[in-house]
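Peer 1: could you look at this predicted model? Sequence included:
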Amino acid sequence: MKKAITLSLILFGILYVGRSLIPPRYNQAIEVKQFAQLPLLYKGRLKPMDTTARNTLLIIHGKQTFKNELGKRISAIEWLMDLMMRSDVADHYKVFYASHPDILGLFNIPHEKAADFKFNFSFNELLPHLEEIERQAKLANPEAQLQTPYERSILKLRQDLVLYQQLTHSLTSPQYVSSLKEEYQVYLGLMPAGVRAFNQQQAGEDHNEDALNYFMNFAHRYQILSETAAFRIIPPRIGSPDSTDWQSTGQSLIETIMMGKIDEVVLAYAGVIDAYRSENHGDFNAALTDLQTLIDRRYNTGWNRFRSEYIFNYFSPFYLSLTIYVLVFILVCISWLVWPDTLGRAAYWLLILAFSVHTLGLLARIFIQGRPPVTNLYSSAVFVGWGAVLFSVILERIYRNGIGSAVAALLGFCTLLIAHHLGGSGDTLEMMQAVLDSNFWLATHVVTVTLGYSATFLAGFLGIIYICRGFLTKSLDNSTALAIYRMVYGTVCFALLFSFVGTVLGGIWADQSWGRFWGWDPKENGALLIVIWNALVIHAIWGKIVLQRGLMVLAVVGNIITSWSWFGTNMLGVGLHSYGFTNSAFFWLTLFWLNQFIFIAIGLLPHGYWRSQLGVSEK
Amino acid sequence: MLLKLISSLKLTVWLLVFSMVLVFFGTLDQVHFGIRATQQKYFESIIALWQYPLQWPLGESLHWLHFPIPGGYLIGPLLLVNLIAAHTTRFVLRWNKTGIFIIHLGLILLLLGQLSTQLFQEENYMWVEEGKSANYLESHHHDELIITDITGPKVDGVVSIPIDLIDKQPTSLQHPRLPFRVETKAFYPNAAIVQRSHLTKKSPEMIFNRGLGREKDFVVWERPMTYMQDERNVTTAIIELIGTEGSLGIWLVSNVFDENFPHQHFRYEERDYEIALRIKRTYLPYKIELIDFTHDRYMGTDIPKNFSSKVRIVNPQSSEDRQTLIYMNHPLRYKGRTFFQAAFDQQTEKSSMFQVVNNPGWLIPYISCGMITIGLIFQFGYRFMRSSGNKN
């Protein structure tokens, strides 16, 4: 019976993960999946349509899907397809978000009415207010630190509208024509006479005014297209000297004047767009296959990298493991009350499952980006969690008391939740700034420093578990307490090792890059604080300045110091490491510190207030 | 008793606590005072006085709040003493303590290395334009007063007077190679210099009567010194030259004149001279020519991907003449100096700036950190093996 429970829990986990591997189903009968894997160049990185769709919808709407008027869930890629090819449809989608009362006031919309739509607006609804939004955005304080919440909201809304406009101009002009293919042919036909007239006009000679005007209408239209497009979809021609020189549709069409011939990829895209607009499913799929063949011929990576990224997107390994970590934590907590073996074992194997998915996600990112795991704040959160879970699994293997599983689940959940919130600002696989562009140092310095964070947090969270169990329950007996003591001690030793080595490697990198080993930069100082703190804890133990409970309190203080070093130092806005600052991060950080102080205070309460009466010989 | 105190672990822990306080406040103050000023105030001092920042909540009413923090030059030596005392009194060199011993030895070396760096490291920079070459370095923070005899065809009559010889007023200085005395009438560590015609308010008469100061009718006043990373102090002085028959005149000199105006010229006893206050230069026995500077960006963006400078080193002493590439994370190490790609002209992208560092002790941190790392691995590995051995 008990074995059956364990097995069925594990089976449930496996099925849950397996289900996420099934590709998503789309509302339309066309090959959305294939379209989602088309490559494009955006913000310096080649990525599939799907990634751009998800990231931009996340920026504009705050989520990766939304519901249309009929209550049907629309995925990011379907939204982007409508936006780029049938913007009249997309303009009805309520994707913009604005809830600030002053913005609603500006639009003259009562709060209750806006609340009915969850403060979501369609482009058409914002259309009458565009000028006012632009004017208000101009009036806002340019200094980000001094902006009021209203100013931030209006600037964000304006930014979203700009991005939206750019997306509508990325495949072709949003103005409808019956057939885009024909339009391009007409353009090509007008070109010789138009260019001749243009040259004559420039030279001050007599010229055909009509020919010039017709042609210039087109040229003007494509000029706007090339200036507005968000991303580039035309791979460089075969034999092109610069293999990174991707073009937008507009650029390619302008270049046609020199080439005398419209790029075949542009034409193939026109076929796809025409079929999409006429809702002809068969034509769409055929045109898409043609397009894919053309692109493959020009840009062949040898392995299907865009497909991998597409799968990575819908599998969303980090979100998946986050949910399993929650389950594991609940199971362990229950196991401390009933069925310790059965539930403990199930929790452990589910933890392994979550950890495997977590690892898979990390590996996929490394594979897609061609970079070591930590490249920005987002990936540092993913990796801090990964490292902490790894250490905890080892602890659980050694001590087998569920504490390792519990702390692993807790840390995995918290760090992935942080990552989830940090990921809202766009592509998390962004390109690296020049100074950071060194895989060797990213792989050594950044990874070890981050593992140092992991270990310090692990010690701190073990401390929290000790304090909570001791204060709230009677379950903390002497042997468990001693086990936790040993776990914390061992973890602090590793934390010291990793944070020291990581900091030193950072010094060596700085010496190699700027000629100074140590520059007292905030982030360096932050890392130094962690090193000193861990050294301090070890000396305090050796000098018998702290005993068991004292160590737990010190470990919790370590959480505060590590979070300062990880996020706090970035908020100062000085030095070479000040990347990724967010206003709301400060709020959460303060909140985290406050609740850590509560744990510390409980840890310092006299013994009589604790429910678990530990033996007198606290050692 | 005293020995017991200074070798105690309690003292170690307290010193570590204080060093954390120091590092923490030394980081916070960087927001308002910049890295360099903070570094001097906290890490290169005995006691630092922290003040509640005006910019913080209730800053107006709490700005009076000060408290002293032991500085780097106090904590560092105390840690050293504590460490050495502990090892001489309490430690017995045993197999299971080897790791600790190596760690602490490495730590002593690290602290001494940091001290040597702070004392001996020189940081300068060098600007080179494409197609041109440079044979001198310029200092980030120091300036010098230059008086050059340009009468002859050979330019060898350069007299350089370090700023700390003239920065007190009044100072009178007789250089053996100059036929006149140099007197400081006024000295400004940082100054504002504006033409009188640009000022709306009436300003006091200036005492200089020769050179640029007179011609342009400049008005000078003192400004608080800046320690911000991207700013430089406008070091300015008013200098009087006095020959045997009395004053030659009074000049205004400043380190911002160099790039904006021709040199200030005067004649004395049939010889031609130039006077200038300029950024301190260090001449090299070789020259660096910039052949090409390139700035790559990621395709379709403005995100910088790489900066690199193709340079040519020409050294007549060793008859070297070779090309090399200096780029991000790949400096040039040459004759005890290291050249790092640091900046470039944003507008033209045709000239490049190298950070040039000369640190005789640059190897020390590598050695000491290697020792500490090995010690840590040994000690924890030893313990880990022992404790897991005990369990089974």
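Peer 2: Structure received.
Peer 1: find the closest residue to chain A in the stretch 1-150 of chain B.
Peer 2: residue B:9 (3.0 Å; Cβ to the nearest Cβ). In short, each C-beta sits where N, CA and C put it, glycine included.
Peer 1: does residue B:250 lie in a helix or a strand, and which?
Peer 2: strand B:246-254 (DSSP states H and E).
Peer 1: the next helix or strand after that strand to strand B:246-254, inter-axis angle?
Peer 2: The first helix or strand that comes after strand B:246-254 along the chain, using DSSP H and E, is strand B:264-268. Angle, strand B:264-268 to strand B:246-254, by axes from the mean of the first three to the mean of the last three Cα atoms, to 10 degrees: 170 degrees.
Peer 1: for residue 14, what are its contacts?
Peer 2: If you meant another chain, say so; for now it's chain A. By Cβ atoms under 8 Å, 6 or more residues apart in numbering or on different chains, the contact list for residue A:14 reads residue A:353.
Peer 1: so where's the chain shaky on pLDDT?
Peer 2: All of this refers to chain A. A:144-146, A:301-303, A:431-438, A:573-584, A:615-619 (pLDDT under 70).
Peer 1: actually, chain B is the one I wanted.
Peer 2: Ranges of chain B meeting pLDDT under 70: B:91, B:154-156, B:169-170, B:228-230, B:299-300, B:387-392.
Peer 1: look through it and tell me its longest helix.
Peer 2: Longest helix in chain B, counting residues (DSSP state H): helix B:364-391.
Peer 1: show me which residues of that one are buried.
Peer 2: B:364, B:365, B:368, B:369, B:371, B:372, B:373, B:375, B:376, B:378, B:379, B:380 (16 or more other Cβ atoms under 10 Å in any protein chain shown).
Peer 1: got the domain boundaries for chain B?
Peer 2: B:2-90, B:122-134+B:283-358, B:139-282 (automatic domain parsing).
Peer 1: residue 11: which element?
Peer 2: Since no chain was named, I'll use chain A. Using DSSP H and E, residue A:11 falls in helix A:2-20.
Peer 1: wait, I meant chain B there
Peer 2: Here residue B:11 is assigned to helix B:9-28, by DSSP H and E.
Peer 1: just want the angle from the next helix or strand after that helix to helix B:9-28.
Peer 2: Remark: after helix B:9-28, the chain's next helix or strand is helix B:30-38, criterion DSSP H and E. Put simply, helix B:30-38 runs at 110 degrees to helix B:9-28, going by the same axes, to 10 degrees.
Peer 1: any part of helix B:30-38 near chain A?
Peer 2: Yes: counting by Cβ under 8 Å from any Cβ of the partner chain, contacts between helix B:30-38 and chain A involve B:30, B:31, B:34, B:35, B:38.
Peer 1: what is the neighbour count of the nearest residue to the residue of the stretch 1-150 of chain B closest to chain A once chain neighbours are set aside?
Peer 2: Nearest-residue entry for residue B:9: residue A:543, 3.0 Å, with adjacent residues in sequence omitted and distances by Cβ to Cβ, 6 or more residues apart in numbering or on different chains. Around residue A:543 there are 14 other residues, counting by other Cβ atoms under 10 Å in any protein chain shown.
Peer 1: so residue A:543 makes contact with residue B:11?
Peer 2: No: taking contacts as Cβ atoms under 8 Å, residue A:543 lies outside contact range of residue B:11: 9.5 Å.
Peer 1: any chance of the domains of chain B in CSV, with distance to residue A:242 and mean neighbour count too?
Peer 2: Below are the domains of chain B laid out as CSV (distance: least, Cβ to Cβ, whole Å; neighbours: other Cβ atoms under 10 Å in any protein chain shown):
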stretch, distance to residue A:242, mean neighbour count
domain B:2-90, 40, 16
domain B:122-134+B:283-358, 9, 17
domain B:139-282, 34, 16
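Peer 1: any chance of those in CSV, plus distance to residue A:418?
Peer 2: CSV is the format used below for the domains of chain B (distance: least, Cβ to Cβ, whole Å):
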stretch, distance to residue A:418
domain B:2-90, 22
domain B:122-134+B:283-358, 25
domain B:139-282, 30
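Peer 1: out of these, the one nearest residue A:243 is which?
Peer 2: Evaluated over the domains of chain B, closeness to residue A:243 peaks at domain B:122-134+B:283-358, with 9.4 Å, by Cβ to Cβ.
Peer 1: that closest one close to chain A?
Peer 2: Yes: remark: domain B:122-134+B:283-358 sits within contact range of chain A at B:123, B:297-301, B:303-307, B:328-331, B:338, B:340, B:342, B:355-357, by Cβ under 8 Å from any Cβ.
Peer 1: returning to what we had before: check which element follows the helix holding residue A:11 along the chain.
Peer 2: helix A:32-36.
Peer 1: let's see that following helix as PDB, backbone CA atoms only.
Peer 2: Written as PDB, here are the backbone C-alpha positions of helix A:32-36 (Å, rounded to 0.1, in the frame of the first residue of the first chain):
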ATOM      1  CA  VAL A  32       1.500  27.600 -37.000                       C
ATOM      2  CA  LYS A  33       4.100  25.400 -35.500                       C
ATOM      3  CA  GLN A  34       6.300  25.700 -38.600                       C
ATOM      4  CA  PHE A  35       5.800  29.400 -38.800                       C
ATOM      5  CA  ALA A  36       6.900  29.700 -35.200                       C
END
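Peer 1: now check the helix or strand following it, is it near chain B?
Peer 2: Using DSSP H and E, the next helix or strand after helix A:32-36 towards the C-terminus is strand A:39-42. Yes: for a cut-off given as Cβ under 8 Å from any Cβ, strand A:39-42 has contacts with chain B, namely A:41, A:42.
Peer 1: next helix or strand past strand A:39-42?
Peer 2: strand A:45-48.
Peer 1: quick one: residues in contact with that following strand.
Peer 2: Applying Cβ under 8 Å, 6+ apart, the contact partners of strand A:45-48 are A:36-40, A:246, A:305-307, A:309-310, A:313, A:427, A:429-431, B:298.
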